[in-house]
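A.B. asks: let me see the structure of the following:
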Amino acid sequence: MKTTLRRLFLFLIIIAASFLFWADSDITPEGHPTIDFTIQPGSGLKRSMQQIEEAGVPVNPLLMMALAQFKGDATRIKAGSYELKPGTTPKRLLEQIVRGEFAQESVTIIEGWTFKQMRQAIDAHPALKHDTAGWSDAELMAKITTDYKLPEGLFYPDTYLFAKNSSDILVYRQAYRNMTKRLEEQWAKRSSNLPYANPYQALIMASIVEKETGRREERTQIAGVFVNRLRQGMLLQTDPTVIYGMGDAYDGRIRKRDLLTDTPHNTYTRPGLPPTPIALPGAESLYAALNPAPTQALYFVSRGDGSSHFSQTLDEHNNAVNKYIRGR
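C.D. replies: Alright, predicted model coming up:
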């Protein structure tokens, strides 16, 4: 009897040792590629392990179930998309699906892009689930906020991480929250006596500044010029607003007739700010719009090297245009 018990005890020790050795052993063969797998929402332990096996993960589902039970993780598995990378052990695999270490992807939204360009980038991303494809801008906005109907300018340009196969609406919502948060923060710290009735008008100005210059050091100066023009009731006369108003008709050049063709965004024909932003402004343009440089300048012109010449009078400005644009 004692011999039988000793043999049984020894057998159990061997089984336990083998199990623990298996749990800490690499389950991916040498040179094996990364394997994508998904655990569907509502899946229990057994179904989760079946989905892992069906995706091609080289692991025994019964042993994985036993490991999950042994570690007390049987009810803690999280649904989502994952990646099995070379060097993964069963114990590490279980940690991934218990912690929800989803396969991460990213999409980058560039400062100065229009919302149309943002949608094109998101629609083309292969790791997103394109739930918003085919929606109009109005339909998309209705799913994000009731505060605005038009989307331009309301999404913060940045790099956004997401779990593989996430819905694209999650990226839009995150970018919208980031922009509203940053706009609120900058509005609370704004300079005094600005000619904006609300934060949205400051966002419009920030979008114009974003399109007018790529130079960090000039943004507050350019904002200062436009603020001065608003205060004096002058037309803003900024080319990026004309380009935005032209839409798909813009071919890379602005002609005199384009400056004279009235659109809601043409600041050569209409006073004040345009009705919406014209792009997605970044942090520096938001800051500039709400903290413009104290300047007497009412004009600026590009020097052709990326920098601008600022002028207080029309005569000085015309001389600068002759020098830098007409080459006289």
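
A.B. asks: show me the contacts for residue 272.
C.D. replies: If a contact means CB atoms under 8 Å, 6 or more residues apart in numbering, then residue 272 has 230, 236 as its contacts. No exception for glycine: its C-beta is placed from N, CA and C like everyone else's.

A.B. asks: what about it, distance to residue 20?
C.D. replies: 73 Å (CB to CB, to the nearest Å).

A.B. asks: next: residue 115.
C.D. replies: Plainly put, residue 115 is 55 Å away from residue 20 if you go by CB to CB.

A.B. asks: with residue 230 instead?
C.D. replies: For residue 230 relative to residue 20 (CB to CB), the value is 73 Å.

A.B. asks: repeat that for residue 240.
C.D. replies: Separation of residue 240 from residue 20 (CB to CB): 65 Å.

A.B. asks: read off the pLDDT value for the nearest residue to residue 75 once chain neighbours are set aside.
C.D. replies: Leaving out its chain neighbours, the residue that sits closest to residue 75 by CB to CB, 6 or more residues apart in numbering is residue 45, at 7.4 Å. We have a pLDDT of 93 for residue 45.

A.B. asks: what ranges do the helices span in the stretch 1-150 of the chain?
C.D. replies: 2-23, 45-54, 61-71, 90-99, 115-123, 137-144 (DSSP state H, counting those that start in this stretch).

A.B. asks: which among the ones you listed is found nearest to residue 314?
C.D. replies: Smallest distance to residue 314 across the helices of the stretch 1-150 of the chain (CB to CB): 35.3 Å, for helix 115-123.

A.B. asks: list the buried residues in that closest one.
C.D. replies: Residues of helix 115-123 classed as buried by neighbour count (16 or more other CB atoms under 10 Å): 115, 118-119, 122.

A.B. asks: pick the one among those residues closest to residue 249.
C.D. replies: Nearest to residue 249 among those, counting by CB to CB, is residue 115 at 18.1 Å.

A.B. asks: need the contact list for that closest one.
C.D. replies: Residue 115 makes contacts with 137, 151-155, 280, as judged by CB under 8 Å, 6+ apart.

A.B. asks: residues touching the helix or strand hosting residue 170, excluding its own?
C.D. replies: Assigned by DSSP states H and E, residue 170 belongs to helix 168-188. Contacts to helix 168-188, defined as CB under 8 Å, 6+ apart, come from residues 107, 109, 118, 122-123, 125, 128-133, 140, 143-145, 153-158, 160, 162, 199, 202-203, 280, 283, 286-287, 289-290.

A.B. asks: report the buried members of those residues.
C.D. replies: For the contacts of helix 168-188, a burial check counting by 16+ other CB under 10 Å picks out 107, 109, 118, 122, 125, 128-129, 132, 140, 144, 153-158, 160, 162, 199, 202-203, 280, 286-287, 289-290.

A.B. asks: right, and residue 264 touches residue 246 too?
C.D. replies: No. Assessed by CB atoms under 8 Å, residue 264 is found out of contact with residue 246, at 11.7 Å.

A.B. asks: is it fair to say residue 195 lies in a strand?
C.D. replies: No. Residue 195: not assigned to a strand; according to DSSP: H, G, I helix; E, B strand; the rest coil it is coil.

A.B. asks: that one: how many residues sit nearby?
C.D. replies: 16 (other CB atoms under 10 Å).

A.B. asks: ditto for residue 321
C.D. replies: Using other CB under 10 Å, residue 321 is surrounded by 16 other residues.

A.B. asks: does it count as helix, strand or coil?
C.D. replies: Using three-state DSSP, the structure places residue 321 in helix.

A.B. asks: how close does it sit to residue 311?
C.D. replies: Relative to residue 311, and taking CB to CB, residue 321 is found at 9 Å.

A.B. asks: what touches both of those two?
C.D. replies: Contact with both residue 321 and residue 311 is made by residues residue 301, according to CB under 8 Å, 6+ apart.

A.B. asks: domains in this protein, by residue range?
C.D. replies: Domains of the chain are assigned by automatic domain parsing as 26-99, 104-184, 194-324.

A.B. asks: turn the ones you listed into a markdown table, columns for distance to residue 14.
C.D. replies: Shown next, in a markdown table, are the domains of the chain (distance: least, CB to CB, whole Å):
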| stretch | distance to residue 14 |
| --- | --- |
| domain 26-99 | 16 |
| domain 104-184 | 40 |
| domain 194-324 | 62 |
